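Engineer: any chance you can model this:
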Amino acid sequence: MSTPASEPTARFRKSRTRSRNINPSPPLRVSNLNPHQYDLRPACASLICPECKTSVPITGVRAKIQKLVPHDTGTVHKDASIRCKNSNRRVTVDVAYEVWQRLLEQGGVEAAGCHSARQHYKPILAPAKPVTKITPAPVNAPDALTAYREHLKKCRASSAAGRCGGTHRCADGARLAALYEQLWRTQSHRDREHTKEARVNALLTRHRAARSRAANSDEWAKHQEATTNAKTVTAKRSGTLIEEANNTCRTRLADAASERGPLLPLKTLRVGV
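Structural biologist: Numbering: from 1, shown residues only. Next up, the predicted model:
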């Protein structure tokens, strides 16, 4: 018994063909199609076949006669091999390449302008809780235990679903219980660390105070020395020796105009010529 032959499927579409067959149908004018339904680039000239609605290459774009390559209506190697009626149909390219590009650009702008102008608003965030109503997190085991007990009292008195009751704890109750357990386990370690920090801070404070007192003492000593030493104070002033002599207590000699100078005659002296 002979094996039945499998049904042929759609063949691959060639970009060029040497067939001289010409479809007797009237030529297909490119100007009657929309700009997005054909491609005039020389490397991949093609158009959408009006019969089978598939992309078909155009052969002989630079020749005298342009026509569609022979093609099937279905998908290659999937659908049945049914030849399209527009195979080898002549094509009249009556649109210049530059004009086609300009039409494509205008069509893109128009398509962009057709988009909806609907505004998509972002969801409004809930307002933040005031600082005065924010409960600080417990930092030690007694505070955590107090917060846990207050939560149990309020949660059991409420009518919210999933409230604390018996051995069941809500999310907040479980969080506070875990926080209390963690603080209780680490309380001794944190106490030791706080004691060490307090001791170090006390030592630093005493050291800084001692350095400050020593610096103040040195500064006051410098000022006192500069104040008590008269020669140092008046070194840059003129007449230092005279001021020191004026400030010195001496007994005034008789027949002397001054207690500092030599004995000067007080009587009139007449010199003859």
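Engineer: for the residue positioned nearest the centre of the chain, give me phi and psi.
Structural biologist: The centroid of the chain falls nearest to Lys122 when counting by C-alpha atoms, centre = their mean (19.7 Å). Main-chain torsions, Lys122, degrees, to the nearest 10: phi -80, psi 150.
Engineer: and the longest strand for the protein?
Structural biologist: In the chain, assigned by DSSP state E, the strand with the most residues is strand 55-59.
Engineer: quick check: mean pLDDT of that one?
Structural biologist: The average pLDDT within strand 55-59 is 86.
Engineer: name every strand pairing with that strand and say which way it goes.
Structural biologist: strand 46-48 (antiparallel), strand 66-68 (antiparallel) (DSSP bridges).
Engineer: centre of the chain to the first one, how far?
Structural biologist: In terms of C-alpha atoms, centre = their mean, to the nearest Å, the centre of strand 46-48 is found 48 Å from the chain centre.
Engineer: now the last one
Structural biologist: Between the centre of strand 66-68 and the centre of its host chain there is 57 Å, according to C-alpha atoms, centre = their mean.
Engineer: what mean pLDDT does that strand have?
Structural biologist: Strand 66-68 carries an average pLDDT of 87.
Engineer: how about stretch 79-87?
Structural biologist: The average pLDDT within stretch 79-87 is 81.
Engineer: mind listing what's buried along it?
Structural biologist: By neighbour count on 16 or more other C-beta atoms under 10 Å, the buried set for stretch 79-87 is 84, 86-87. C-beta coordinates here come from the backbone N, C-alpha and C atoms, glycine included.
Engineer: can I get these in a markdown table with secondary structure and distance to Asp72?
Structural biologist: Formatted as a markdown table, these follow (DSSP: H, G, I helix; E, B strand; the rest coil; distance: C-beta to C-beta, whole Å):
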| residue | secondary structure | distance to Asp72 |
| --- | --- | --- |
| Cys84 | coil | 6 |
| Asn86 | coil | 11 |
| Ser87 | coil | 9 |
